[in-house]
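Colleague: No letters, just coordinates:
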Ligand code: SF4
Ligand code: SF4
Ligand code: SF4
């Protein structure tokens, strides 16, 4: 059973392995090794028998091959409507066959499955809304990804991504020290403009525990500063944990279920340690899905809920604006056509569609908000979801996928796109880079800070 | 005055002027130069793909690439590195402004020197609206020197410093830096204020009055802080501030312009619109130092 040095069935669990795998440029050796990786059919079949839920079984059986799901999939639309991109075909030809053959499949088949699972589906769950039987490929592909991961058939970057989570408990190599240091740094960098600004670490019993996406301390710490400024202006009693601050889960995209559980338990442990009244996550869709929507099930929480009420940033922001904790200066509202990217992960998967529009009603001058078509839970994936953004091997396919969002944005005529999701933000940036349609994109935090009506006592003393 | 100078450079010729000034100053003060390069802007979160800051090309950062960049920098600045007592090369990936600030903090730098275009390649602009310089100048704890023109690199030392004030709090910090530099370097110092009359309709008498007022204000604000330093004069001109600053610098053959940087604007795109600092940097024939915070002056 030949397993490669990098491509194998064993997850990355040490810093050394991680660095070594990273050092394999573009996963060249990794993918070469994959060509020789054996499939452990017995284990695969055993795993299917043990983990495949009756829902998935039923779904595979009852599909009427009616094709009603075809148009629902943006990847079908942008790829010339070829039959290979019909959702039901994608799952029947992969998971369906794997089950039918009782796991007796070969390397070539597994590689085809990998390509389908990671480059032909972003797990956006849109098709599930259009199938008369409610069959959801997003859910089934997530399941398939898990099976593929356990056999070592996973894109290089995602093997590394889940390795990062295992080693650093963050999707990037941000250590506890780095994180705490970054919080100090950001408070320091902004304290002059915002006297009294603090980023309290490990404060027990605060009203809010804030968690974020590791990209923030790594590359965009101003996002943390912006969250701090808004909590500060809103007068919130808040804190961040020194451990358990990273809310994202690349392991979810990789199909590394063990690691998913470990991550979310780490966040929940922080909640149990610091006992905040509630938790708020940053503007990130998949982070929310991982810690709030799916996390409780991974963690085996009987009520299906996190240990304390855990809300997405848009929910807090809408509340703060509604209750007047944050006030918008009407003169500074957005007065240009602006559109909104509905993130699949918290809009379609959790229904937070109205709350984002409520925010829009405070920050955009009436008449300037232009909806994408379709929108809300019917919106299309940004084009880079489910890990697609990060996989070099499928860059071309991803770039094709971006076309749907590009056209949707172009149709609105807007030059400004609000994208309260890290991954959507990235995808929209990439689509601008790729197609140069002349747009700008933003999270909510900097926009709101720019239009706040700040109480006098919070401003720096007049010079 | 300077123990550690952080030279932020892409290694491209547009930053050679900055490098020359940084190394010359280091030689003069026995300071250490940290040659700092941000190899690329990470494009895809956890992946190793970055957009090279110079070419905009998508590249993959690995040990080999890192070593190559370091080698390039080493050979580009070889002579200069040899000419100073301490120098080291540090490379990283990330958003340039953020990484420059991070490095300045980690190294406890006393001065950041950058070419006006360090990290402002088109790829960078596309991906991240806003200017590296604006972000660095706003948040840095230490003075930030920008050298826009290759010809601006100074050879024989500083003789004349122009300090331009708008009477803000940050201008006090900038003043301290200007005064200390003038003392240290034995330069003449011009305290300057540009009376902004752009877009205003004022009659000549009103202008005259305001000029006198500003003169008095300069004298009262900075006079008492001069100590025994005598080589200074005061000028107030009316016009569009950046034009006037550049004009007086030219008239005095200034080798250095010192300005305050202050902006509460978080969006650098907006902050840079009409920003005096940025305009001065682009147009001045000499290095420009901007000071925002009091810590390192
Ligand atoms: S989940 Fe989304 S991407 Fe996947 S098949 Fe369904 S519609 Fe297409
Ligand atoms: S719409 Fe549903 S039943 Fe019809 S082909 Fe698609 S998955 Fe099968
Ligand atoms: S990136 Fe945003 S739009 Fe795309 S799948 Fe994720 S949440 Fe949905």
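Modeller: Everything's here; your move. Treat the numbers as computed from the prediction; the structure is a model and nothing was measured. Numbers count the residues shown, from 1 in each chain, chains lettered A, B, ... in the order given. Ligands and ions are numbered 1, 2, ... in the order given.

Colleague: Check the secondary structure at the residue nearest the centre of chain A for me.
Modeller: In chain A, the C-alpha nearest the mean C-alpha coordinate belongs to residue A:286, at 2.3 Å (Cα atoms, centre = their mean). Secondary structure state of residue A:286, per DSSP: H, G, I helix; E, B strand; the rest coil, is helix.

Colleague: List the contacts of residue A:59.
Modeller: A:133, A:135, A:136, A:140 (Cβ atoms under 8 Å, 6 or more residues apart in numbering or on different chains). All C-beta spots, glycine's among them, are computed from the backbone N, C-alpha and C.

Colleague: May I have the residues that are in contact with the residue nearest to the centre of chain A?
Modeller: By Cβ under 8 Å, 6+ apart, residue A:286 lies in contact with A:248, A:249, A:252, A:253, A:345, A:385, A:421, A:422, A:423.

Colleague: quick revisit: closest to chain B out of the contacts of residue A:59?
Modeller: residue A:140 (24.8 Å; Cβ to the nearest Cβ).

Colleague: For the one helix or strand the closest one maps to, enumerate the helices and strands it packs against.
Modeller: If you go by DSSP states H and E, residue A:140 is part of helix A:137-150. In terms of contacts (3 or more Cβ pairs under 8 Å, 6 or more residues apart in numbering or on different chains; DSSP states H and E), helix A:137-150 is packed against helix A:41-51, helix A:54-62, helix A:87-91, helix A:107-119, helix A:127-130, helix A:250-254.

Colleague: Tell me the one among the contacts of residue A:286 nearest to ligand 2.
Modeller: For the contacts of residue A:286, the residue nearest ligand 2 by Cβ to the nearest ligand atom is residue A:385; the value is 19.4 Å.

Colleague: Three-state assignment for the closest one, please.
Modeller: Assignment for residue A:385 (three-state DSSP): coil.

Colleague: And for the one 4 residues further on?
Modeller: Assigned by three-state DSSP, the conformation of residue A:389 is helix.

Colleague: Surely it is in contact with residue A:429?
Modeller: No - when contacts are counted by Cβ atoms under 8 Å, residue A:389 is not listed as touching residue A:429 (9.8 Å).

Colleague: Give me the more crowded residue out of these two.
Modeller: Neighbours were counted for residue A:389 and for residue A:429 using other Cβ atoms under 10 Å in any protein chain shown; residue A:389 has more, 29 against 22.

Colleague: what residue ranges in the stretch 51-200 of chain B are flagged as low confidence?
Modeller: B:51, B:53-56, B:116-130, B:150-156 (pLDDT under 70).

Colleague: again, 50 this time
Modeller: Counting by pLDDT under 50, the stretch 51-200 of chain B shows low-confidence ranges at B:118-130.

Colleague: And the helices in it, which stretches?
Modeller: B:63-76, B:78-83, B:96-107, B:122-127, B:132-139, B:169-185 (DSSP state H, counting those that start in this stretch).

Colleague: List, one by one, the residues from chain B near ligand 2.
Modeller: Taking Cβ under 6 Å from any ligand atom, no part of chain B reaches ligand 2.

Colleague: of the contacts of residue A:286, closest to ligand 3?
Modeller: Ranked by distance to ligand 3 (Cβ to the nearest ligand atom), the contacts of residue A:286 are led by residue A:385 at 2.1 Å.

Colleague: Would you agree that closest one is in contact with residue A:122?
Modeller: Yes - with contact defined as Cβ under 8 Å, residue A:385 reaches residue A:122; the gap is 3.7 Å.

Colleague: any common contacting residues for those two?
Modeller: With Cβ under 8 Å, 6+ apart as the test, residue A:385 and residue A:122 both reach residue A:344.

Colleague: Which residues belonging to stretch B:17-36 are considered buried?
Modeller: Using 16 or more other Cβ atoms under 10 Å in any protein chain shown as the test for burial, stretch B:17-36 gives B:17-26, B:29, B:31-36.

Colleague: Give me the domain ranges for the chain.
Modeller: You didn't pick a chain, so chain A it is. Using the TED database, the domain parsing of chain A gives A:39-153, A:167-323, A:338-450.

Colleague: Actually, chain B is the one I wanted.
Modeller: Taking the TED database as the reference, chain B has its domains at B:4-147, B:160-291.

Colleague: will you turn the ones you listed into TSV that also has distance to chain A?
Modeller: Output for the domains of chain B, formatted as TSV (distance: least, Cβ to the nearest Cβ, whole Å):
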stretch	distance to chain A
domain B:4-147	5
domain B:160-291	4
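
Colleague: about what we covered before: in JSON lines: the contacts of residue A:286, plus pLDDT and neighbour count.
Modeller: Converted to JSON lines, those look like this (pLDDT from 0 to 100; neighbours: other Cβ atoms under 10 Å in any protein chain shown):
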{"residue": "A:248", "pLDDT": "93", "neighbour count": "33"}
{"residue": "A:249", "pLDDT": "92", "neighbour count": "28"}
{"residue": "A:252", "pLDDT": "94", "neighbour count": "30"}
{"residue": "A:253", "pLDDT": "94", "neighbour count": "32"}
{"residue": "A:345", "pLDDT": "92", "neighbour count": "29"}
{"residue": "A:385", "pLDDT": "93", "neighbour count": "26"}
{"residue": "A:421", "pLDDT": "95", "neighbour count": "30"}
{"residue": "A:422", "pLDDT": "92", "neighbour count": "26"}
{"residue": "A:423", "pLDDT": "92", "neighbour count": "31"}
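
Colleague: For ligand 1, state which of the residues you listed is nearest.
Modeller: Taking Cβ to the nearest ligand atom as the measure, ligand 1 lies nearest residue A:385 of the contacts of residue A:286, at 7.9 Å.

Colleague: And the closest one, how far from residue A:125?
Modeller: Remark: distance between residue A:385 and residue A:125 (Cβ to Cβ, to the nearest Å) = 10 Å.

Colleague: Residue A:379 reaches residue A:348, doesn't it?
Modeller: Yes - applying Cβ under 8 Å, one finds residue A:379 in contact with residue A:348, separated by 7.4 Å.

Colleague: rewinding a little: do you know the pLDDT at the residue nearest to the centre of chain A?
Modeller: Here the pLDDT value assigned to residue A:286 is 92.

Colleague: so what's residue A:394 up against?
Modeller: Neighbour list for residue A:394: A:115, A:118, A:119, A:155, A:388 [criterion: Cβ under 8 Å, 6+ apart].

Colleague: for residue B:259, that is, sorry about that
Modeller: For residue B:259, the contacting residues are B:163, B:164, B:174, B:245, B:276, B:277, B:280, B:288, B:289, B:290, B:291, by Cβ under 8 Å, 6+ apart.

Colleague: thinking again about what came up before, tell me which entries of the buried residues of stretch B:17-36 lie within strands.
Modeller: Of the positions in these, B:32, B:33, B:34, B:35, B:36 sit in strands, assigned by DSSP state E.

Colleague: For residue A:352, state which of those residues is nearest.
Modeller: residue B:36 (41.7 Å; Cβ to Cβ).

Colleague: Could you list the residues of the stretch 151-297 of chain B in contact with ligand 1?
Modeller: Contacts of the stretch 151-297 of chain B with ligand 1, taken as Cβ under 6 Å from any ligand atom, are absent.

Colleague: For the stretch 151-297 of chain B, just list every one of the strands.
Modeller: Listed in chain order, the strands of the stretch 151-297 of chain B (DSSP state E, counting those that start in this stretch) span B:160-164, B:188-196, B:232-239, B:256-260, B:288-291.
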